[in-house]
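Chemist: what's the 3D shape of this:
(one chain, ligands or ions: 1)
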Amino acid sequence: MKKRILVVSSANMDFVMNVSRIPNAGETVIESGSYKLIPGGKGANSALAVQRLGGDCVFCAKIGRDANGEALRKLFAAEGLNLSALRSTDSAPTGLAAVTVEADGSNRISVFEGANRYLNADDAEEALLCYPDALFMHFEIPDEAILTAAHFAAKKDIPIVIDAGPAKPDFPFDKLPPLEIFSPNEAETEAYTGINPNSAENALRAAVMLQRIVKSHYYVIKLGGRGALVYDGKYYNIAPSYEVKVVDTTAAGDSFTAALTLEYLRSGNIMRSCRYANAVGALVVGREGASTSIPNEKQLSDFIAMRQIEL
Ligand code: RIB
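Modeler: A predicted model of the protein is given here:
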């Protein structure tokens, strides 16, 4: 039986610009690269990762009644996501992210929340009626929706996973019920703890500090090319990353945490799940865009076999 994951989160259209460098203030740079509109949003990226990797994803998000919203809905339906909790609104346009990707694959993202801002407590509460095996969220939607979904899930003993992006240090963490997994990336870890996890020692110090901020069974710090650190409040371990040519890091974290959650539900083994998620992340950074870079099960199993990865 497929594991059902309810993703309560965001959906955006990404306006992606491939640039040779970021202009200085007041400067204009003529670029010879390309620009594209690519479906994205942290929630949508994670939802698509769950579905493509063999999960059953129910996606709760809010989009505008506009061309971008239509394009997103069409993609989600074609991918087989359960859209019973995907809502449309007239109050705002579909979320838009301006994504600048430099030659080394690193990105800078500005998000115009649009319709995401209108995802409310009622939407989250109704979505929980699908009886998922896990609830998965990011901080790209209103606090009210996150807290409501979390409390409903906790009441029903549904494990809660929060991918801590984008960094929101003023989130009322004390109001959250205990989580199963809390997973920030390097920049988010620094924003929450003040510690740059630039070495194994610093990553562990940051994980210990995270424990004081949010209660969770596992803290999984995504360290990019250095893998992922897992801390359970007592012991820590690092799951190594797999070397690939980095084209674009967009959606790598969203896909990593989604894959981690899915494999954790299937295997119950957090380290195995991190290795699995690292393999997914490696494939994502090797391709362009958000939704366009997320692998399916077959592409992932080919990569795992080719690299002789032991999960
Ligand atoms: O994490 C990548 C995502 O962040 C992009 O797809 C963009 O839409 C923003 O939400």
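Chemist: Provide a complete list of residue ranges assigned to helices in the stretch 101-250 of the chain.
Modeler: Using DSSP state H, counting those that start in this stretch, the helices found in the stretch 101-250 of the chain span residues 121-127, 143-155, 186-193, 200-213.
Chemist: Looking at those helices, which is nearest to the ligand?
Modeler: The ligand lies closest, by C-beta to the nearest ligand atom, to one member of the helices of the stretch 101-250 of the chain: helix 186-193, at 11.0 Å. Every residue, glycine included, has its C-beta placed from N, CA and C.
Chemist: got the contact list for stretch 264-272?
Modeler: Residues from elsewhere that reach stretch 264-272 (C-beta atoms under 8 Å, 6 or more residues apart in numbering): 3, 5, 55, 133-134, 159, 180-181, 218, 220, 230, 232, 237, 239, 263, 273, 311.
Chemist: Now, of those, which are buried?
Modeler: Buried members of the contacts of stretch 264-272, scored by 16 or more other C-beta atoms under 10 Å, are 3, 5, 55, 133-134, 159, 180-181, 218, 220, 230, 239, 263, 273.
Chemist: Going by distance to the ligand, which of these wins?
Modeler: The ligand lies nearest to V220 out of these, by C-beta to the nearest ligand atom, at 16.1 Å.
Chemist: roughly how far apart are the closest one and A124?
Modeler: Noted for V220: a distance of 23 Å to A124, by C-beta to C-beta, to the nearest Å.
Chemist: R73 now?
Modeler: Between R73 and A124 the computed distance is 19 Å (C-beta to C-beta).
Chemist: again with K3
Modeler: Distance, K3 to A124, using C-beta to C-beta: 20 Å.
Chemist: Mind pulling up the pLDDT for the residue of the chain found nearest the ligand?
Modeler: Proximity of the chain to the ligand (C-beta to the nearest ligand atom) peaks at G40, 2.5 Å away. The model reports G40 with a pLDDT of 98.
Chemist: which residues touch the residue lying closest to it once chain neighbours are set aside?
Modeler: Nearest non-adjacent residue to G40, counting by C-beta to C-beta, 6 or more residues apart in numbering: A290, 3.2 Å away. By C-beta under 8 Å, 6+ apart, A290 lies in contact with D14, I38, P39, G40, G41, A44, N45, V99, T250, A251, D254.
Chemist: who in the stretch 201-311 of the chain is up against the ligand?
Modeler: Residues of the stretch 201-311 of the chain found near the ligand (C-beta under 6 Å from any ligand atom) are T250, A251, D254, A290.
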